[in-house]
Structures are given as C-alpha cells and as structure tokens.
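In: Kindly generate the corresponding structure for this input.
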Amino acid sequence: MENKFITIKKMTNGKYFFDGNIYFLTLILFFIIIFPFIYLATGNLTLSVIFLIIFWAVINVIVLISNYFGKKMHSKIFEKGIFKNLLNKGFQKENIYKYEGLTKEINGRTIRVFYNWNKTADGILSFGDIEIDIYFEPQIINDNIENIDELKLRNLTKQYDETFWSKADRTIFAFDRLKLFFNYYPWTNSKKIEKRIENGLKILDDNNLKPFSIKSINKPEFKVLEERLYFLPNMEFIWEHIENNFR
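Out: Coordinates of the predicted model:
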C-alpha cells in the first residue's frame with residue numbers, strides 16, 4: 001500500500017518497511033501532542049488550528065535551514081584546518097555517494113572521521129558533531145549475523161558514556177564500531193580528534209574487541225554483512241541513497 005503521505009512496503013526478507021512524508025507525519029504528531037494544550041488555552045477550535053499550523057510551519061522552516069547549512073558544512077569542513085591537518089597526517093578523503101569523510105587504518109582498524117549535522121552530542125551553539133567511527137569485529141553470537149550481542153554493547157556504552165551532567169562528548173558502541181561524538185565549533189582543532197582516536201583505541205584494546213578493517217574482510221558472515229551495506233557510515237546521505245536505491 002502506497003500513497004504520497006504514507007508508504008508501506010514488503011521487503012525481500014518478508015519484513016515490512018514503513019515510511020512517510022516527514023512533514024505530514026510531524027503535522028499529525030503535532031495534532032496529537034500539542035493541539036490539546038493550544039485548544040485548552042484558547043477554547044477556540046479555529047484559532048487553535050491556525051496557531052498549530054503556524055507553529056508547525058516555523059519549526060519546519062528552522063529544520064530545513066539547519067539541514068541546508070549542515071549539508072553544506074559536511075563538504076566545506078575539508079577547507080578548514082581541522083581536516084587539512086589530518087590529511088597531512090596520513091588520513092585520506094573518502095567519498096561514498098554524497099558522503100564525504102576521512103579514513104585511515106590504524107593497528108588493523110578502519111577509522112572514519114566526518115562532520116555530522118544530525119547531532120548526538122549536546123552543546124550550546126554547536127550545530128553539528130565531529131563523528132569518529134573506530135571499527136572492531138562485529139559482535140555477533142556463534143557467527144550468526146542475526147544474533148547481535150546487544151547486552152554486551154549496552155553495558156559497554158553504559159560504562160563509557162557515563163557523564164550524568166553533560167553529554168557534550170558521547171561514546172556509543174554499535175555492533176561493529178565505537179562511535180565517538182563531540183561538538184564542532186570553528187575553533188575545534190585536529191588535536192582533539194587525534195586525542196579522541198587515541199582514547200578510543202585504548203578502550204577497544206582494554207575490552208579485547210578485535211581489530212577490524214573493512215578493506216580486508218575474510219570471514220563469510222562478515223562478507224554477507226558487507227553485501228548488506230552494514231559497514232557504511234551511519235548518516236543521512238547514506239540513508240537517503242539506500243532508501244532511494246535499495247528499498
């Protein structure tokens with residue numbers, strides 16, 4: 001079943017994929033969550049609907065502007081000293097579809113660094129994060145790619161992403177990589193990235209998470225994951241390409 005507002009597709013693996021027009025879905029969400037409060041305050045149905053639509057429109061304009069400049073910055077950061085310095089220290093530029101980032105192999109591990117405008121780290125007046133991905137062997141149980149060791153990953157994230165008062169620096173374990181996030185500002189320098197990479201490598205070594213290079217995948221189960229595009233950067237440009245070409 002499909003229309004321009006909501007899409008429901010049956011995937012090749014038998015599962016269903018649900019998607020929809022983001023503006024339509026947010027409008028429905030606003031009506032469910034916010035409209036009752038506006039109506040209680042005004043007591044006027046027509047006025048409440050008008051206020052809600054204006055509020056919804058303003059929020060969407062802000063998001064659109066933020067996304068526009070965020071996507072521009074994803075590329076323009078290569079003109080900044082922060083990435084230029086890393087290029088001079090052995091990192092290479094990597095392009096995957098519209099994605100642009102840096103990559104390097106250190107101690108048998110693939111490392112990716114890129115600017116992500118979809119923020120994970122909290123921060124005042126920061127409109128994007130520097131994301132660092134350091135790969136380790138996928139944490140699957142008994143070589144079964146459908147059985148991820150989620151408990152182990154949750155416990156590791158809880159152990160290292162433990163700051164209670166501030167989430168300006170995030171440490172999150174995905175099934176195949178350590179994801180490090182911190183706020184980007186115009187004065188952020190490459191030394192902070194190098195320090196975070198050094199700390200991340202130590203965390204992985206301390207927890208016996210084996211090195212993994214996406215350039216030399218040998219195990220059959222890992223090749224299946226590669227074919228399913230699991231090892232790509234987890235960010236919006238990649239999501240858009242997969243949705244438009246592989247759904």
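In: Could you pull up the contacting residues of the closest residue in space to residue 189 that isn't next to it in sequence?
Out: Nearest residue to residue 189 in three dimensions, chain neighbours excluded: residue 82, at 5.9 Å (Cβ to Cβ, 6 or more residues apart in numbering). Every residue, glycine included, has its C-beta placed from N, CA and C. Taking Cβ atoms under 8 Å, 6 or more residues apart in numbering, we find residue 82 in contact with 130, 188, 189, 190, 193.
In: pretty sure residue 98 contacts residue 237?
Out: Yes: assessed by Cβ atoms under 8 Å, residue 98 is found in contact with residue 237 at 4.1 Å.
In: between these two, which one's more packed in?
Out: residue 237 (19 against 14; other Cβ atoms under 10 Å).
In: That one and residue 38, how far apart?
Out: Between residue 237 and residue 38 the computed distance is 36 Å (Cβ to Cβ, to the nearest Å).
In: Please apply the same query to residue 103.
Out: From residue 103 to residue 38 the distance is 48 Å (Cβ to Cβ).
In: Likewise for residue 95?
Out: On the measure of Cβ to Cβ, residue 95 and residue 38 end up 46 Å apart.
In: Of those two, give the one with the bigger neighbour count.
Out: residue 38 (18 against 9).
In: what's the nearest residue to that one if we skip its chain neighbours?
Out: Per Cβ to Cβ, 6+ apart, closest to residue 38 is residue 48, 4.6 Å.
In: Let me see the contact set for that neighbour.
Out: Per Cβ under 8 Å, 6+ apart, neighbours of residue 48: 35, 38, 39, 42.
In: Closest to residue 222 out of those residues?
Out: residue 35 (48.5 Å; Cβ to Cβ).
In: surely the closest one meets residue 51?
Out: No: counting by Cβ under 8 Å, residue 35 does not reach residue 51; the two are 9.1 Å apart.
In: same question for the helix or strand where residue 68 lies, mean pLDDT?
Out: Counting by DSSP states H and E, the element that carries residue 68 is helix 45-76. For helix 45-76, the mean pLDDT works out to 87.
In: Helices of the chain, residue ranges please.
Out: Using DSSP state H, the helices found in the chain span residues 22-33, 35-42, 45-76, 81-87, 150-160, 190-206, 220-227, 236-246.
In: how about these in TSV, adding distance to residue 108?
Out: Converted to TSV, the helices of the chain look like this (distance: least, Cβ to Cβ, whole Å):
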stretch	distance to residue 108
helix 22-33	40
helix 35-42	55
helix 45-76	28
helix 81-87	19
helix 150-160	20
helix 190-206	11
helix 220-227	14
helix 236-246	24
